[in-house]
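*Asks:* sequence and predicted structure are below.
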Amino acid sequence: MTYIAIVFLAIIPFVILFWSIIRYFMLDWTGLAIAVIVAIVGAIFLTWGIVFWVRVTYFGVYQWLIVAGPLALAFNLVTEILYQVKEKEIPIVKWILGISIIGIVLFQIFALPFITTIPVTMGEARWVAEETETHFDVFPFVNDPVDSSIRMVTKEYALKRAYLFDGPFGSNVQQESANIIRVNGTLYWCVTYKRDRLLGSNGLFQENRIIGAILIDVNDPNAQAIIMEPENLNYANKLWYNHKIDTLMYKRDPTYKYQRSYLTINDVGLWVIVVTKWTRAGPFKPRMYGPVDILDASNGKLLRRYEVDDFASTPLWVTQVYPEDWLEKVVNNWGRKRDLRYPDGVDYWAYSVIHGRSNHRIMMSEDTRYIISPDSGESVAYIAMNLKGFSGSLSGIFIASKGEFDYYDLANQGFVSTNIALQALMGKSDIVARPHGNYESAMPIAYALNTSEGQRLVWYVPIYYSYSDTLEVAYFGIIDAKDTSKYAIVSAEGKDGEQMVYEARIKYKTLFQTESTETYEYAEVTNINSYVVDGETVFVMQLNDSRIIRASKAYLNETEWNEIVLTSISDTIKFQQKIDDDDILWFTTFDNLDITT
């Protein structure tokens, strides 16, 4: 079915509806003229609005016909009877039929959308419940997050910072979009620019392309922006006519609805567009995500398609494989209907008193965040959830990785929600008041940190200072999700993002260090080596008793780590160790006796 066929099918109910209006006014020439104009203009604009601007899919238009067609015919039947009795001037019949018309219209406007959404939303809720693996009382991540991968920069800050560096693009420019992309393992805000549509340097409507991009490191708010001026970026979200991505894609294949596409750079340095989409299996069926298309940004041609079953094989530079709007809608639908008293875990009436209101309903605490998983190194969608109607406690964390959905149910653990964590952190005396402006915490994300007392769930929170046009990262904080008296706050002054996160993490971990009653061991180092995992160096030392013990920042404080770095072969060390689940030995305390301070 082509786009033209979809337009034709969608316009049928409008033709019937407007013919009904014409019939009603046919005895009045003034009314007839108005009705004809309204019919023509209305049919054109409403059809365009419903079919093209809204992007009705194949099954969307079938659903539209099933719903609107019979109602339009009923409306036509009523007006036809009304037309027949008009000449006979039967007032009572006119009133009855007039009220019937009003009733049909009101039913279509208010009641019908509610009725038709029941199978759609319930289908989505059941699908999420079936496809999502729920883990009770388990943290979403095992490893400490890599300090250089923590998101410190909000979208608002990225847009403002990019504004300071957009001079090379010339005048009459607009920020087209900002998306998270991954280049060479680093996450950036990619802020793209286009020429003002009406004031293009080459004349009216001439420069319909992306003229440049600015990359802002999400981990380092003070890092130098990367300015890029690639040629021939001719397709993007907010360009016009056929250079608008969803317009281009919809004309190629109206089976899908295109909601999120973003420019990025692939592993060979080529600018490409990643297109995500969703569709339906049939009328009144739930919305389902579809394949991911990779397009050449210069000509819009398809370079590669990753089918749904192949999502796990998408490269690291593909950060999003699901339409974000689709993901948030289906997760919220599932959360609102969540009821563990039923075998499939959902009930449409979970919110009502019909079956007894469910106590398991949850909702998104904030927008979706795209982060790098500390365990897999892949980009994942992170969604924090709290109880419906109560934002004081953390209900759980929803993780959408490439091809898998996991929900970590933490409702029974007593963890505070993002709101409570932010309020507690902002009330600490470590944050020095300024005479003007105010502090704002932003973008909290929960991670698990390994301490001497085991894993702790904590909130990582950048703290911004804003005053007039000033917006800057002032502090970075880590606060315990269960005991908010345990926290660490470091100033951003003179530090990059990685340094801030590292200092806060070590400072937080020292809160759990106590005087040890265990016996220290002594040994001589006979060999030293090192390797890098996710940007973090791990040292490997062989001792004179043949043991091999590794050293990581995750287990040591700053002083101990510095001594690790300075250790040489034949040095005598004093240490304690632990063994992990993979039978690997790690230093938990370290003192090089040959280093004098």
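*Replies:* Yep, that arrived.

*Asks:* how about low-confidence regions in the protein?
*Replies:* Low-confidence regions of the chain, defined here as pLDDT under 70, cover residues 1-73, 75-116, 197-206, 355, 390, 513-518, 597.

*Asks:* mind listing the helices for it?
*Replies:* Applying DSSP state H to the chain gives helices spanning 3-24, 29-47, 58-86, 91-106, 112-131, 155-163, 245-252, 324-336, 418-426, 497-509, 558-566.

*Asks:* measure the most centrally placed residue in the chain to Gln175 for me?
*Replies:* By CA atoms, centre = their mean, the chain has its centre lying nearest to Thr368, at 3.1 Å. Thr368 sits 21 Å away from Gln175 when distances are taken as CB to CB, to the nearest Å. From N, CA and C alone the C-beta is placed, and that goes for glycine too.

*Asks:* same thing with Val153?
*Replies:* 15 Å.

*Asks:* so which of these two has more stuff around it?
*Replies:* Taking Val153 and Gln175 together and counting by other CB atoms under 10 Å, Val153 has the greater number of neighbours (25 against 16).

*Asks:* that one touches Leu215, doesn't it?
*Replies:* No - using CB atoms under 8 Å, Val153 is not in contact with Leu215, being 11.1 Å away.

*Asks:* how close does the nearest residue to Thr451 once chain neighbours are set aside get to Leu556?
*Replies:* Across the structure, with CB to CB, 6 or more residues apart in numbering as the measure, the residue nearest Thr451 apart from its sequence neighbours is Phe512 (4.2 Å). The spacing between Phe512 and Leu556, counted by CB to CB, is 13 Å.

*Asks:* the two - which one has more neighbours?
*Replies:* More crowded of Phe512 and Leu556, by other CB under 10 Å: Leu556, with 20 against 14.

*Asks:* contacts only, for the more buried one.
*Replies:* Ile564, Phe587, Thr588, Thr589, Phe590 (CB atoms under 8 Å, 6 or more residues apart in numbering).

*Asks:* among these, which lie within strands?
*Replies:* Secondary structure assignment (DSSP state E) places Phe587, Thr588, Thr589, Phe590 from those within strands.

*Asks:* that older thread, overlap in contacts of Val153 and Leu215?
*Replies:* Residues touching both Val153 and Leu215 comprise Trp189, with contact defined as CB under 8 Å, 6+ apart.

*Asks:* now the end-to-end length of stretch 171-190.
*Replies:* With CA to CA, to the nearest Å as the measure, the first residue of stretch 171-190 is 20 Å from its last.

*Asks:* scratch that, stretch 433-447
*Replies:* Start to finish, the residues bounding stretch 433-447 are 28 Å apart (CA to CA).

*Asks:* buried stuff in it?
*Replies:* Within stretch 433-447, the residues that count as buried by 16 or more other CB atoms under 10 Å are Gly437, Tyr439, Glu440, Ser441, Ala442, Met443, Pro444, Ile445, Ala446, Tyr447.

*Asks:* could you do stretch 239-249 as well?
*Replies:* Taking 16+ other CB under 10 Å as the criterion, stretch 239-249 shows Leu239, His243, Lys244, Ile245, Asp246, Thr247, Leu248, Met249 as buried.

*Asks:* what are the contacting residues of that stretch?
*Replies:* Taking CB under 8 Å, 6+ apart as the criterion, the residues outside stretch 239-249 that touch it are 55, 176, 194, 197, 205, 208-210, 234-238, 251, 256, 258-259, 261, 273, 275, 277, 293, 295, 300.

*Asks:* give me the subset of those residues that lies in strands.
*Replies:* Per DSSP E, those map to strands at Glu176, Lys194, Ile210, Tyr258, Gln259, Ser261, Ile273, Val275, Lys277, Asp293, Leu295.

*Asks:* from Thr264, how far off is the last one?
*Replies:* When you say that, I think you mean Leu295. Per CB to CB, Leu295 is found 11 Å from Thr264.

*Asks:* overlap in contacts, the two.
*Replies:* In the contact map built from CB under 8 Å, 6+ apart, the residues linked to both Leu295 and Thr264 are Val272, Ile273.

*Asks:* any idea how far the residue nearest to Thr451 is from Glu503?
*Replies:* Distance of Phe512 to Glu503, given as CB to CB: 16 Å.

*Asks:* over to Leu263?
*Replies:* Between Leu263 and Glu503 the computed distance is 35 Å (CB to CB).

*Asks:* in terms of packing, which of these two has more residues around it?
*Replies:* Leu263 (24 against 19).

*Asks:* the more buried one pairs with what?
*Replies:* Residues found in beta-bridge contact with Leu263 (criterion: DSSP bridges) are Ile273.

*Asks:* residues touching it, list them.
*Replies:* 177, 179, 181, 190, 192, 210, 213, 233, 236, 271-273, 297.

*Asks:* one more time with 10 Å
*Replies:* The contact partners of Leu263, by CB atoms under 10 Å, 6 or more residues apart in numbering, come to 176-177, 179, 181, 190, 192, 210, 213, 230, 233, 235-237, 245, 271-274, 295, 297.

*Asks:* please name the nearest non-neighbouring residue to Thr319.
*Replies:* Sequence neighbours aside, Ser379 is the residue nearest to Thr319 in space, at 4.2 Å (criterion: CB to CB, 6+ apart).

*Asks:* surely the one you found is in contact with Val274?
*Replies:* No - here Ser379 does not reach Val274: they are 11.4 Å apart, not a contact under CB atoms under 10 Å.

*Asks:* out of the ones in strands among the contacts of stretch 239-249, which one sits closest to Leu327?
*Replies:* Here the nearest of these to Leu327, counting by CB to CB, is Gln259; it sits at 10.0 Å.

*Asks:* thinking again about what came up before, could you check how far the residue nearest to Thr319 is from Leu585?
*Replies:* With the distance defined as CB to CB, Ser379 ends up 32 Å from Leu585.

*Asks:* what do you get for Ala448?
*Replies:* Here Ala448 is placed at a distance of 21 Å from Leu585 (CB to CB).

*Asks:* out of these two, which sits in the busier spot?
*Replies:* Between Ala448 and Leu585, counted using other CB under 10 Å, Ala448 has the larger neighbour count: 21 against 15.

*Asks:* what about the closest residue in space to the more buried one that isn't next to it in sequence, neighbour count?
*Replies:* Once its chain neighbours are removed from consideration, Ala448 has its nearest residue in Phe139; the separation is 4.1 Å (CB to CB, 6+ apart). Applying other CB under 10 Å, we find 18 residues neighbouring Phe139.

*Asks:* test my guess that Phe139 contacts Tyr447.
*Replies:* Yes - taking contacts as CB under 10 Å, Phe139 lies within contact range of Tyr447: 8.5 Å.

*Asks:* who touches both of the two?
*Replies:* Counting by CB under 10 Å, 6+ apart, the common neighbours of Phe139 and Tyr447 are Arg456, Leu457, Ala481.

*Asks:* show the buried residues in those.
*Replies:* Using 16+ other CB under 10 Å as the burial test, those include Arg456, Leu457, Ala481 as buried.

*Asks:* now do Thr154 against Ser401, distance only.
*Replies:* Separation of Thr154 from Ser401 (CB to CB) stands at 23 Å.

*Asks:* please identify which of these two sits among more neighbours.
*Replies:* With other CB under 10 Å as the criterion, Thr154 and Ser401 differ in neighbour count, and Thr154 comes out ahead with 19 against 16.

*Asks:* that one contacts Ile463, correct?
*Replies:* No - proximity of Thr154 to Ile463 does not meet the contact threshold set by CB under 10 Å, at 11.3 Å.
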